[in-house]
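Undergrad: Here is my input, please return the structure:
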Amino acid sequence: MQIFFGTSISDSQKNDFKKTPISEFIQESLQIDRFSDGEILPLFKNSIRDEDIFFIQTPQSSDEIIETLLVVDAAKRAGCKSFTLVSPFMPYSRQDKTDHIRSSIGSKMIADVLEKAGVTRLMTIDLHSSSIQGFYNIPVIHLNGNKVFIDYIKSLDLEDICIVAPDQGAVKRASDFCKAFPDATFAMINKRRIKPNEVHSMELVGDVKDKNIIIVDDMADTGGTLKKAAGLMMESGAKSVRAVATHGVLSGMAYDNINSSVLSELIVSDSISKPGISDKIKYISCSKLISKSITALVQKKSIHELNLV
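TA: Here you go, the predicted structure:
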């Protein structure tokens, strides 16, 4: 087994992985060069023949997607035994169906391209929709991101916790999160969007009065929804509001929205390299979860227990 990093993985993320049991398998021999026009050229400087390759990369930008495909191709041409793409955050996962006629299904296209390039297994955390696994004809290891946050939330020693799902799509994820807090109550928000990243209306379903709220979702993008949801919670009598999101996309006006909101804290994993800094945003490494999963996979042990909260 050999483990390599893509360019989307920051130095701090690499250092977190080097503190885990898989550190002995991490290699520095993947060289990714660029021509003057930006063309990408990956090169394995050492032999990887008959090796099981794990490539850790969050291919968020178009360049990183192309880089990933070229690395897969280089590895297959170099005679690797298998190629596992470890992508903590999968791009285009929100495009899992056609909401409008003549629109694309981006996540299906990404699945087809990765398979065609030669990826033999995918490991990822909290797909936007679990049905995306059906787009792949290769094994998909879908890890539960809730595991990353449980210990930190428990360390806060909060009383009167209420777990809130910010929309219907997050109900299962929030319900699973509740299992770690047997005394917690549950509520949800019914929201309507008029276009992506813009919420038209919100309606609270449940009682949050005098509760410490934890909003649980798979990603935080512009932060507009979280800002409105936190305001709704406080108006409804909540003591405090925190949000947990596996993937901190944090694009557009995200930092302004988070900083100006009534949120006490936004807690995200480092599945995406930190695009900025805010006193209200807490990053928690997902390296331990990924390390344990890779180890279990190589040792042919069940990964199911790692996904139980």
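
Undergrad: Spit out the contact partners of residue 106.
TA: By C-beta atoms under 8 Å, 6 or more residues apart in numbering, the residues touching residue 106 are 91, 92, 94, 95. Every C-beta, even on glycine, is put in place using the N, C-alpha and C of the backbone.

Undergrad: contacting residues around the third one?
TA: Yep, that's residue 94 we're talking about. Residue 94 neighbours (C-beta under 8 Å, 6+ apart): 106, 107, 128.

Undergrad: just how off-centre is stretch 137-148 within its chain?
TA: Here stretch 137-148 is found 10 Å from its chain centre; the criterion is C-alpha atoms, centre = their mean, to the nearest Å.

Undergrad: got the end-to-end distance for that stretch?
TA: One end of stretch 137-148 sits 28 Å from the other (C-alpha to C-alpha, to the nearest Å).

Undergrad: picking that back up, just the closest of the contacts of residue 106 to residue 211, please.
TA: residue 94 (29.6 Å; C-beta to C-beta).

Undergrad: how's the chain carved up into domains?
TA: The record assigns the chain these domain ranges, following automatic domain parsing: 2-145+288-307, 146-285.

Undergrad: Please compute how far the longest one lies from its chain's middle.
TA: Averaging C-alpha positions (C-alpha atoms, centre = their mean) puts domain 2-145+288-307 13 Å from its chain's average.

Undergrad: Report the mean confidence score over it.
TA: Mean pLDDT, domain 2-145+288-307: 91.

Undergrad: Out of the contacts of residue 106, the closest to residue 208 would be?
TA: For these, the closest approach to residue 208 (C-beta to C-beta) belongs to residue 94, at 27.2 Å.

Undergrad: Where is the longest helix in the protein?
TA: If you go by DSSP state H, the chain has its longest helix at helix 62-77.

Undergrad: Could you list the residues in contact with that one?
TA: 4, 6-8, 30, 32, 38, 40-44, 48, 53, 55, 57-59, 83, 85, 87, 91, 110, 113-114, 117-119.

Undergrad: hmm, 7 Å instead?
TA: The contact list for helix 62-77 (C-beta atoms under 7 Å, 6 or more residues apart in numbering) reads 6-8, 32, 40, 42-44, 48, 53, 55, 57, 59, 83, 85, 91, 113, 117-119.

Undergrad: Surely residue 2 touches residue 49?
TA: No: contact criterion C-beta atoms under 7 Å: residue 2 and residue 49 do not qualify, at 10.8 Å.

Undergrad: Between the two, point out the one with more neighbours.
TA: residue 2 (19 against 9; other C-beta atoms under 10 Å).

Undergrad: which ones are touching that one?
TA: Residue 2 sits in contact with 25, 27, 48, 51, 53, where contact means C-beta under 7 Å, 6+ apart.

Undergrad: Distance check, it against residue 78.
TA: Distance from residue 2 to residue 78, counting by C-beta to C-beta, to the nearest Å: 11 Å.

Undergrad: okay, and the common contacts of these two?
TA: residue 48.

Undergrad: ok, back up a step: what residues sit buried inside the longest helix of the chain?
TA: 64, 65, 67, 68, 69, 70, 71, 72, 74, 75, 76 (16 or more other C-beta atoms under 10 Å).

Undergrad: The residue of the chain positioned farthest from its centre in helix, strand or coil?
TA: Most distant residue from the mean C-alpha position of the chain: residue 36, 32.3 Å away (C-alpha atoms, centre = their mean). When classified by DSSP: H, G, I helix; E, B strand; the rest coil, residue 36 comes out as coil.

Undergrad: For it, give me phi and psi.
TA: phi -60, psi -20 (degrees, to the nearest 10).

Undergrad: Let me see the mean pLDDT of stretch 244-258.
TA: pLDDT averaged over stretch 244-258 gives 90.

Undergrad: Now the terminal residues of it, how far apart.
TA: 13 Å.

Undergrad: ok now it, how far from the chain's centre?
TA: 13 Å.

Undergrad: With stretch 261-271 instead?
TA: Worked out by C-alpha atoms, centre = their mean, stretch 261-271 lies 14 Å from the chain centre.

Undergrad: average model confidence for that stretch?
TA: Here the average pLDDT along stretch 261-271 is 92.

Undergrad: Tell me which residues are up against that stretch.
TA: 13, 58, 88-89, 125, 145, 148-149, 152, 220, 226-227, 230-231, 234, 240-248, 258, 280-286.

Undergrad: Over to stretch 116-132?
TA: 69, 72-73, 76, 82-88, 90, 93-94, 96, 107, 133, 136, 138-143, 145, 218-219, 246-247, 271, 286, 293.
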